[in-house]
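>>> sharing a sequence plus its predicted fold:
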Protein chains: 2
Amino acid sequence: MNPLASPLLTDLYQLTMLHAYFTHDLRDTAVFELFVRKMPERRNFMMAAGLEQALEFLEGLRFAPEELEWVSGSKLFPPEFVKHLEALRFTGEVHAMPEGTLFFPDEPVLRVTAPLPEAQLVESRLINLIHFETLVATKAARSVLVAPGRLLVDFGLRRAHGAEAGLLAARASYLAGFTGTATVLAGQQWGIPVFGTMAHSFVEAHDDEASAFRRFAQVYPHGAVLLIDTYDTEAAAARIVALAPRWREQGIRVKGVRLDSGDLAVLSRSVRRTLDAGGLAEATIFASGNLDEYRIRDLLAAGAPIDGFGIGTSLVTSSDAPFLDAVYKLQEYAGRARRKRSTGKASWPGRKQVYRHCRDGGALDHDVVTVEEDRRDGEPLLVPVMRNGRRLHAAESLDAIRARAAAQLARLPARCRGLEAAKRPYRVELSPALRRLADAVDRQAGEMPALCR
Amino acid sequence: MNPLASPLLTDLYQLTMLHAYFTHDLRDTAVFELFVRKMPERRNFMMAAGLEQALEFLEGLRFAPEELEWVSGSKLFPPEFVKHLEALRFTGEVHAMPEGTLFFPDEPVLRVTAPLPEAQLVESRLINLIHFETLVATKAARSVLVAPGRLLVDFGLRRAHGAEAGLLAARASYLAGFTGTATVLAGQQWGIPVFGTMAHSFVEAHDDEASAFRRFAQVYPHGAVLLIDTYDTEAAAARIVALAPRWREQGIRVKGVRLDSGDLAVLSRSVRRTLDAGGLAEATIFASGNLDEYRIRDLLAAGAPIDGFGIGTSLVTSSDAPFLDAVYKLQEYAGRARRKRSTGKASWPGRKQVYRHCRDGGALDHDVVTVEEDRRDGEPLLVPVMRNGRRLHAAESLDAIRARAAAQLARLPARCRGLEAAKRPYRVELSPALRRLADAVDRQAGEMPALCR
């Protein structure tokens, strides 16, 4: 069993609610929307990602015999319910922002319209997928913004939160504009360019550094990037310069060096001087080691001659903001708009659309969130992607998504491109029609308590 | 293909290094140790977890035909190398601290002894598994310490970083002392108790709250925990009290209520009063909504009458410290101790053991890290768990691990039980023998540059 596709990858309350829905025949059409209530402090935008995995999950949704067996054996559910689950497929429709789209709080990034039990069951995994890829694409886009034209590589697998996080982080950072990843499986699964050379252990396994460098270069005579900080970074650079003439005779060319510790601004400059003076001007300098977009910004501002960056832990854990306030809320059931009014967590009711308005030069200006039937000017961001449980289009290529992401980032207003919170955040308007609907829903609810007693 | 078991779940440099190892016949025995260099600011201990998954991964390690095909097609490797990979199995031995053991910086929690290529290849996934489960077990243990005897449930799947993170977080928090999880698949895979009742969408799908409560209670007449904050928490509690007598005639008993928003200290008190006055003294109060160990500590200190807590995002992302500085370093190769001396990242060489010393009452006093051959007093924490690539014992039961974790937490010194950094951290001594070895390794290295030129 591939646990990543299991419908049991859900919260128990989805099953207990389904049990009640089936029992009481609550199977009308429900509309759920996935959105982020509030951005983390240091974010000025979010980048939508994870839709492809979400649609794959919906299309393949079914209970396998061993899963049904667990449900039966759990003693929480009667046999009729297990029959319902056995027959359950996702038959609904989905609207979504294409991956790579920039979006903001209160804007639905995905909308599910389906019979209530189907739309309910998938909540946990839909958030799980879209929340995480969006989190990492957003984090990655910040490095892309501060280091245009540099080689950016995801190095995060080892400290990602499990295997799927490592894999999806490679995908999310690549679609946001990274050059590639070190994670081999992401190369195999999606054709993402993979990068990697040597670790300290390779150097240490040799009795001297020079032998380690030579042996590695013999195996990759045109592509070796040598890791030079195992013992003494500057001495290692000098050593490579000294060895290079002999290697050249053997057809070996040093492609570059990697720094992984110490003061990278200082070291990159001194190593650059050593390489240049030693006839290795073409060799590149690649840096890694506890990097994030803040340090990269500072290194480049200091003029550090670094050609590429390996970014690991901070990227794949989005360490300065390890989660988004992403939720999936019922906005309509059986033709009636709904909303939650819990303190501090109220949501806007109804099925919605987001219209984007741009300035003449193309820069994003503001968005308007409104109810679906309120057609307005601007570019509608939610588009149909699934009907009757089937995708309307083949999976979008990562190249196409990367192009969209790059175009969106290019149009981001200057004040939202920095790493700290913009003094004036991007403007998201809630339309009068949406506010009227919320009032109507509340008025209706205001009359309820009398009815209920 | 189950991607969670794929040997391509690794960094590319592991494969490029393996290529060089095979080419140059570097297949002597290597010793790698997995340890944490430095604890996050607000941690006083870590709890080892993830060993079971790590051993499963090692035992099952093999390249499938489609994986070898990708390696061949990548153009990065020659056919001989692919043959090596095809034959590759993990044949080494593993020593480790049993899951649930408390440990501290610089202490190896796992040691791999195997031919260099095997020990190298598995680095990325071993860290990935042990880092994450340890991160979450450690985070969970903090809630266990501040809320002894309360019901603690993992609610984190939706905002966990991918599916595996959700699953493993359920396991890690349970072994650390949580009561259970909402993640159904964790129930199915490991028999962890699953908890869950209803979401706001259930309430909202009904035209009035009372109908929602009634319908849910009809389906779970003895086990319904009703979510009461969708519209107005105190009104909902009053409504339940009003409905209870009629329900009782129908054989329905309200097991409890759940609060998910607002001022939980204030609301829990007023709801408790309402329930008690209404004859529902037995109904429990369960709280959720952006909870973490800090808030739980404060709620309990304020005397909030809350019987159980659902803890989600903060737990599964370990949001106040979303990663550990966990590494896996070559400490010995071909019989010679090794160490990395990179600035700020130097490691202690040689194969090591950790001895724990306790006070008379059983409280942990201090640990000594030394080289393996330096037998000392105290309890050795690393024990053999795998030999010739096979586990030495059946998988330990989660009950046994939970018992160990509880016993360890009970013996934690008082100053290390708080949520903030202890003024005097737990003492970890590095033995004179270990320091002598490090000096010897450095002396040897000091002589190398002359040799290398």
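That came through, no problem. Residues are numbered from 1 along each chain as shown, chains lettered A, B, ... in the order given.
>>> secondary structure element holding the residue lying closest to A:Tyr21 once chain neighbours are set aside?
Nearest residue to A:Tyr21 in three dimensions, chain neighbours excluded: A:Pro117, at 4.8 Å (CB to CB, 6 or more residues apart in numbering or on different chains). Where you see a C-beta, it was placed from the backbone N, CA and C, and this is true even at glycine. In this structure, A:Pro117 sits in helix A:116-121 according to DSSP states H and E.
>>> now do that helix: which elements does it pack against?
When contacts are defined as 3 or more CB pairs under 8 Å, 6 or more residues apart in numbering or on different chains; DSSP states H and E, helix A:116-121 packs onto helix A:12-23, strand A:29-36.
>>> packing partners for the longest one?
In terms of contacts (3+ CB pairs under 8 Å, 6+ apart), helix A:12-23 is packed against helix A:79-87, helix A:116-121, helix B:184-190, helix B:200-204, helix B:209-219.
>>> over to the shortest one?
Packing contacts for strand A:29-36, counted by 3+ CB pairs under 8 Å, 6+ apart, involve strand A:110-115, helix A:116-121, helix A:123-146, strand A:326-333.
>>> chain center to the second one, what's the gap?
Read it as helix A:116-121. Between the centre of helix A:116-121 and the centre of its chain there are 25 Å (CA atoms, centre = their mean, to the nearest Å).
>>> could you do stretch A:205-219 as well?
Its chain's C-alpha centre and that of stretch A:205-219 lie 38 Å apart, by CA atoms, centre = their mean.
>>> chain neighbours aside, what residue packs nearest to A:Glu164?
Per CB to CB, 6+ apart, closest to A:Glu164 is B:Gly162, 3.3 Å.
>>> from A:Pro413, how far out is the one you found?
B:Gly162 sits 32 Å away from A:Pro413, going by CB to CB, to the nearest Å.
>>> shaky segments in chain A?
For chain A, the stretches with pLDDT under 70 are A:1, A:446-453.
>>> list the contacts of the residue nearest the centre of it.
The centroid of chain A falls nearest to A:Glu133 when counting by CA atoms, centre = their mean (2.3 Å). A:Glu133 makes contact with A:Ala49, A:Gly50, A:Gln53, A:Leu168, A:Arg171, A:Ala172 under the criterion CB atoms under 8 Å, 6 or more residues apart in numbering or on different chains.
>>> can I get the residues you listed in a markdown table with secondary structure and neighbour count?
Formatted as a markdown table, those follow (DSSP: H, G, I helix; E, B strand; the rest coil; neighbours: other CB atoms under 10 Å in any protein chain shown):
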| residue | secondary structure | neighbour count |
| --- | --- | --- |
| A:Ala49 | coil | 33 |
| A:Gly50 | coil | 30 |
| A:Gln53 | helix | 26 |
| A:Leu168 | helix | 27 |
| A:Arg171 | helix | 27 |
| A:Ala172 | helix | 30 |
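>>> take those and lay them out in a markdown table including distance to chain B.
Below are those laid out as a markdown table (distance: CB to the nearest CB, whole Å):
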| residue | distance to chain B |
| --- | --- |
| A:Ala49 | 13 |
| A:Gly50 | 10 |
| A:Gln53 | 9 |
| A:Leu168 | 6 |
| A:Arg171 | 11 |
| A:Ala172 | 11 |
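>>> okay, among these, which ones form the most distant pair?
Greatest spacing in the contacts of A:Glu133, by CB to CB: A:Gln53 and A:Ala172 (10.0 Å).
>>> can you count the residues close to the closest residue to A:Val371 other than its chain neighbours?
With sequence-adjacent residues excluded and distances taken as CB to CB, 6+ apart, A:Val371 is closest to A:Gly350, at 4.6 Å. Residues lying near A:Gly350 (other CB atoms under 10 Å in any protein chain shown) number 23.
>>> check contacts around A:Gly350.
Counting by CB under 8 Å, 6+ apart, the residues that A:Gly350 touches are A:Val31, A:Gln331, A:Glu332, A:Ala337, A:Val371, A:Glu372, A:Leu434, A:Leu437.
>>> right, and out of those residues, which lies closest to A:Arg391?
A:Val31 (19.3 Å).
>>> and that closest one, how many neighbours?
27.
>>> just the buried residues of stretch A:431-445, please?
A:Ser431, A:Ala433, A:Leu434, A:Leu437, A:Ala438, A:Val441, A:Ala445 (16 or more other CB atoms under 10 Å in any protein chain shown).
>>> I misspoke; the intended subject was stretch A:14-31.
Result for stretch A:14-31 [16+ other CB under 10 Å]: buried residues A:14-24, A:26, A:29-31.
>>> which residues touch the helix holding A:Pro117?
Applying CB under 8 Å, 6+ apart, the set of residues contacting helix A:116-121 is A:7, A:10, A:14-15, A:17-18, A:21-22, A:26-32, A:61, A:84, A:88-92, A:112-113, A:333, B:199, B:201, B:205.
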